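Student: Predicted model follows, preceded by the sequence.
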Amino acid sequence: MQGERRRRPSLSLPILRTSRDQHRDGTLTLGNLLSALGETSFGWAIVLFSLLTLLPLPPGSSLITGLPVLVTTFQMVLGFPHVKLPGPLARLSLDHTKLRRTLARLRPVTRRLERMLVPRHEGLFAAKHERALGLALFVIAFTLFLPVPLSGWFPATALFICGVGIVERDGLVVILGLLLGLASVLLTAAILISITIGTNALIA
């Protein structure tokens, strides 16, 4: 079993290969990349969209890059059978170099995940649980839009872990991602409360 796990292909390999090929052909867009990876999979969509949020972009960019995550998770809440990208999001051009660098930054995380990934606790992915799972992910994704400095990395990482767990049907990894997401939500809430209290104190 351990030998099989060591031979598991890198989680980022499908994304890297597909983005490289589409970049070479001049067709690298969000819609094309997601479609090539399996557009009916919410897991791959969450993985890709959380990676977009983790790209090295100017401050405040998460208000834009986080939108696809919010749309995807909300579609899960509504019970959509697969991801349906709005036209502008589907046509969004991607930078292969930045995507590759982001995947390299996440390599310590994905390496650990690859060692532990295995289908388990698959009842979490039953249709009756999809809306509840989508709601939890939607709450985590919503924190990306809050004006809290340097807080976006944590929920984006939590969403990435959850997305990987959904792709590999590993309920334990999804639970791990949800716990990290809960911690990021609580951290963001604590920061916002502190800022509010401090602002009120200055005004008073």
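Tutor: Sure thing, it's come through. Numbers count the residues shown, from 1 in each chain.
Student: List the residues that contact the residue nearest the centre of the chain.
Tutor: The C-alpha lying nearest the average C-alpha coordinate of the chain belongs to Ser50 (C-alpha atoms, centre = their mean; 3.0 Å). With C-beta atoms under 8 Å, 6 or more residues apart in numbering as the criterion, the residues that contact Ser50 are Val69, Ala156, Thr157, Leu159, Phe160, Gly163. C-betas here are computed from N, CA, C, even on glycine.
Student: Leaving out chain neighbours, which residue sits closest to Leu52?
Tutor: Taking C-beta to C-beta, 6 or more residues apart in numbering, and ignoring the residues beside it in sequence, Leu52 has Thr65 as its nearest neighbour in space, at 4.4 Å.
Student: Excluding chain neighbours, what is closest to Arg169?
Tutor: With C-beta to C-beta, 6+ apart as the criterion, Arg169 has its nearest non-adjacent residue at 4.6 Å, and that residue is Pro119.
Student: What count of nearby residues applies to the one you found?
Tutor: Here the neighbour count serves as a burial measure; for Pro119 (other C-beta atoms under 10 Å) it reads 10.
Student: Among the contacts of Ser50, filter down to the buried ones and hand me the ChimeraX syntax, if you would.
Tutor: Filtering the contacts of Ser50 down to the buried ones (16 or more other C-beta atoms under 10 Å) takes a single ChimeraX command:
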select :69,156,157,159,160,163
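Student: Output the contacting helices and strands for whichever strand or helix holds Thr110.
Tutor: When secondary structure is defined by DSSP states H and E, Thr110 falls within helix 107-116. When contacts are defined as 3 or more C-beta pairs under 8 Å, 6 or more residues apart in numbering; DSSP states H and E, helix 107-116 sits against helix 2-6, helix 153-167, helix 171-203.
Student: Now render those as a markdown table, adding distance to Leu94 and mean pLDDT.
Tutor: Formatted as a markdown table, the entries for the helices and strands packed on helix 107-116 read as follows, by distance: least, C-beta to C-beta, whole Å; pLDDT from 0 to 100:
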| stretch | distance to Leu94 | mean pLDDT |
| --- | --- | --- |
| helix 2-6 | 30 | 45 |
| helix 153-167 | 16 | 89 |
| helix 171-203 | 23 | 86 |
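Student: just so I know, which of those helices lies nearest Arg115?
Tutor: Distances from Arg115 to each of the helices and strands packed on helix 107-116 were compared using C-beta to C-beta; the shortest belongs to helix 2-6, at 6.1 Å.
Student: Mind listing residues that contact the helix or strand that comes right after the closest one?
Tutor: Using DSSP H and E, the helix or strand that directly follows helix 2-6 along the chain is helix 13-25. Applying C-beta under 8 Å, 6+ apart, the external contacts of helix 13-25 come out as 28-29, 32-33, 36-37, 47-48, 51, 94, 96, 99-100, 103.
Student: Could you do stretch 34-44 as well?
Tutor: Contacts with stretch 34-44, where a contact means C-beta under 8 Å, 6+ apart, come from 14-15, 18, 22, 45, 48, 72, 75-76, 81-83, 85, 134, 163-168.
Student: ok, of these, which come out buried?
Tutor: When the contacts of stretch 34-44 are checked for burial by 16+ other C-beta under 10 Å, the buried set is 14-15, 18, 22, 45, 48, 72, 75-76, 83, 85, 134, 163-168.
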